[in-house]
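Asks: following is a predicted model, sequence given first.
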Amino acid sequence: AQSVTQPDIHITVSEGASLELRCNYSYGATPYLFWYVQSPGQGLQLLLKYFSGDTLVQGIKGFEAEFKRSQSSFNLRKPSVHWSDAAEYFCAVGSNQAGTALIFGKGTTLSVSS
Amino acid sequence: DVKVTQSSRYLVKRTGEKVFLECVQDMDHENMFWYRQDPGLGLRLIYFSYDVKMKEKGDIPEGYSVSREKKERFSLILESASTNQTSMYLCASSPPDKFPGYTFGSGTRLTVV
């Protein structure tokens, strides 16, 4: 079955500390992988994406993610968290196959403490 | 700036009403999607469309229908609203190659009383 697992429902990180949000996926085809961020009451904004090439991808807002095929993971990282990073983060997987849609994880809520 | 616009940010409807949620995109995208978002459940796909007048059921289509008469507009219809359809509804669009990712609207928070 195709699925995305975000093991951490809620994470609290101190401002200035590093962050890693985990994402594991199960997908039959070569996947497209995405991370989205959602601020309260808003839609989702694309942070970064991966399909092929360099397994470390850079995104907006200083985020990066590393694709590890052997672990079926696509973890999101940031070296130094800012208070404005507090939001909900969603990992998603999909393909270019016609008639398919992205599958989203259940999300990880990030709180930032001062 | 490209946009996906959902006509209402907040809606309150009564049980049994027929409810229309409208979504318009200005990017000439072929694909459009409707998801609902509930705490702890993430985003669940209701319906999607990859062309005008085409539609595909997602994971939770029961109680919903959709309409896509024009490329830029994708409507979600709750035939007879029920309280368990109280949720945040998110519309998204993408080109045929989904690698650019989805562009999402700001969402419609629907409350059925």
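Replies: Cool, the structure landed. Numbers count the residues shown, from 1 in each chain, chains lettered A, B, ... in the order given.
Asks: any weak-confidence spans in chain B?
Replies: B:1-2, B:98 (pLDDT under 70).
Asks: hey, where'd the strands end up in it?
Replies: B:4-6, B:10-13, B:19-21, B:23-25, B:31-38, B:42-49, B:56-57, B:64-70, B:73-78, B:87-94, B:103-104, B:108-112 (DSSP state E).
Asks: how about chain A?
Replies: Under DSSP E, chain A gives strands at A:3-5, A:10-14, A:19-21, A:24-26, A:32-38, A:44-50, A:56-58, A:64-68, A:73-78, A:87-94, A:103-104, A:108-113.
Asks: chain center to stretch A:48-62, what's the gap?
Replies: Its chain's C-alpha centre and that of stretch A:48-62 lie 10 Å apart, by Cα atoms, centre = their mean, to the nearest Å.
Asks: now do it: everything it contacts.
Replies: A:30-35, A:37, A:46-47, A:63-69, A:74, A:76, A:78-80, A:85, B:99-101 (Cβ atoms under 8 Å, 6 or more residues apart in numbering or on different chains). For every residue, glycine as well, the C-beta is placed using N, CA and C.
Asks: which of the residues you listed are buried?
Replies: Among the contacts of stretch A:48-62, those classed as buried by 16 or more other Cβ atoms under 10 Å in any protein chain shown are A:31-35, A:37, A:46-47, A:63-67, A:74, A:76, A:78, A:85, B:101.
Asks: end-to-end on stretch B:90-102?
Replies: 11 Å (Cα to Cα, to the nearest Å).
Asks: I misspoke; the intended subject was stretch A:53-70.
Replies: Using Cα to Cα, one end of stretch A:53-70 lies 15 Å from the other.
Asks: can you pull the residues of chain A lying near chain B?
Replies: For chain A, the contact set with chain B under Cβ under 8 Å from any Cβ of the partner chain comprises A:9, A:32, A:34, A:36, A:41-46, A:49, A:51, A:90, A:94-96, A:98-99, A:101-107.
Asks: how close does B:Leu90 get to A:Ala86?
Replies: According to Cβ to Cβ, to the nearest Å, B:Leu90 stands 20 Å off from A:Ala86.
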